[in-house]
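In: coordinates for the following, if possible.
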Amino acid sequence: MNFSLLGFPTSIQGSFLLTVGFLGYLSFADQIDRIIAFVVIAVVAVLVHELGHAVVARRQGTVEVPTITLAGMAGLTRYRPKTEPSRMQSIMVSFAGPFAGMVMGAAILALDWSGAIERTPFVDDLFRIGLFTTFAWSILNLLPILPLDGGHILADLIPGSRAVRRRRAAIVSVLTAGLGALALWQWTGSLFGPIYLAMFAFQNLSAVNAGDRETPMTPPLSVRADSPDGSGPNR
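Out: All right, here's what the predicted structure looks like:
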């Protein structure tokens, strides 16, 4: 599914729809209406998140228009800045995604509190899904775990060269993802979320063991990867 969203080339692949559909099934079992609602709301929430990255990146100046892709378990915003961005500029791009998600969550929360919509069990579940895919996923993406937004922000805050910062951020990512996997397994009893975080821990451990090399100081292809959690909204 390819289209333009506010001028940004956007692609939604079937693998992403299958992933969020599976997450919806984990939350609502055989309730097909809730599962469909979960997929629709999740897609909108992730698109809003990625738009946050894309809009800020474009305002800073890019060689080409940023592109947005939803595939597998992630939303990706790709862009190439015209000049090497400062650390603060990179942090602003990283934070823009979760911030956009939280703004959407605040709007949903305000609508929930307003009482403007007649409450039914289905409407209650819609609000739960909306708050989960905005607030919860935004908080998840701010965890100091590469390649999530919080991991990029951490790498920009750590002193040292780019290679040193990446390696140190990867070490923190291993610890955070590992502890998060254990905590999520104890809290939810589900395996999907812990396996998801364990995958991040393994990826970063491999990066630490392999070591990082300095990259040329040329405008890099920047990717913001933002991924949904494996656990569903609490019923």
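
In: what pLDDT is listed against Leu221?
Out: According to the predicted model, the pLDDT of Leu221 comes to 44.

In: Thr215 now?
Out: pLDDT for Thr215: 37.

In: residues in contact with Ala110?
Out: The contact partners of Ala110, taken as CB atoms under 8 Å, 6 or more residues apart in numbering, number zero. The C-beta positions use only the backbone N, C-alpha and C, and glycine is treated the same way.

In: try 10 Å
Out: When the contact criterion is CB atoms under 10 Å, 6 or more residues apart in numbering, the partners of Ala110 are Ala116.

In: shouldn't it be within a helix?
Out: Yes. Under DSSP: H, G, I helix; E, B strand; the rest coil, Ala110 sits within a helix.

In: Three-state assignment for Glu118, please.
Out: The three-state label given to Glu118 by three-state DSSP is coil.

In: what about it, how many neighbours?
Out: By the other CB atoms under 10 Å criterion, the neighbourhood of Glu118 contains 6 residues.

In: ok, now Ile91?
Out: The criterion is other CB under 10 Å. On that basis, Ile91 has 18 neighbouring residues.

In: pretty sure it sits against Gly151.
Out: No. The criterion here is CB atoms under 10 Å, and Ile91 misses it with Gly151 at 11.9 Å.

In: how about the protein, which residue sits the furthest from its center?
Out: Each residue of the chain has a distance to the centre, and by CA atoms, centre = their mean the biggest one is for Glu118: 31.4 Å.

In: tell me the pLDDT at it?
Out: Glu118 carries a pLDDT value of 90.

In: ok, it - contacts?
Out: Applying CB under 10 Å, 6+ apart, we find Glu118 in contact with no residue.

In: mind showing which ranges of the protein have poor pLDDT?
Out: Applying pLDDT under 70 to the chain flags residues 211-235.

In: where along it do the helices fall?
Out: Taking DSSP state H as the test, the helices found in the chain are 14-28, 32-60, 87-114, 121-131, 137-141, 149-157, 162-188, 192-210.

In: JSON lines for the ones you listed, including distance to Arg80?
Out: As requested, those are arranged in JSON lines below (distance: least, CB to CB, whole Å):
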{"stretch": "helix 14-28", "distance to Arg80": "23"}
{"stretch": "helix 32-60", "distance to Arg80": "9"}
{"stretch": "helix 87-114", "distance to Arg80": "12"}
{"stretch": "helix 121-131", "distance to Arg80": "33"}
{"stretch": "helix 137-141", "distance to Arg80": "22"}
{"stretch": "helix 149-157", "distance to Arg80": "16"}
{"stretch": "helix 162-188", "distance to Arg80": "17"}
{"stretch": "helix 192-210", "distance to Arg80": "22"}
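
In: ok so, going back, gap between the residue farthest from the centre of the chain and Phe200?
Out: Glu118 sits 41 Å away from Phe200, taking CB to CB, to the nearest Å as the criterion.

In: likewise for Gly101?
Out: When CB to CB is the yardstick, Gly101 and Phe200 sit 19 Å from each other.

In: look up phi and psi at Asp30.
Out: Backbone dihedrals for Asp30, given as degrees, to the nearest 10, come out at phi -90, psi 20.

In: what about it, neighbour count?
Out: There are 7 residues near Asp30, going by other CB under 10 Å.

In: over to the one 5 residues further on?
Out: Here the number of neighbours of Ile35 (other CB under 10 Å) works out to 20.

In: Gly21 now?
Out: Should you count by other CB under 10 Å, Gly21 turns out to have 16 residues around it.

In: name the nearest residue to it, ignoring sequence neighbours.
Out: Of all residues not flanking Gly21 in the chain, Val39 sits nearest, at 5.3 Å (CB to CB, 6 or more residues apart in numbering).
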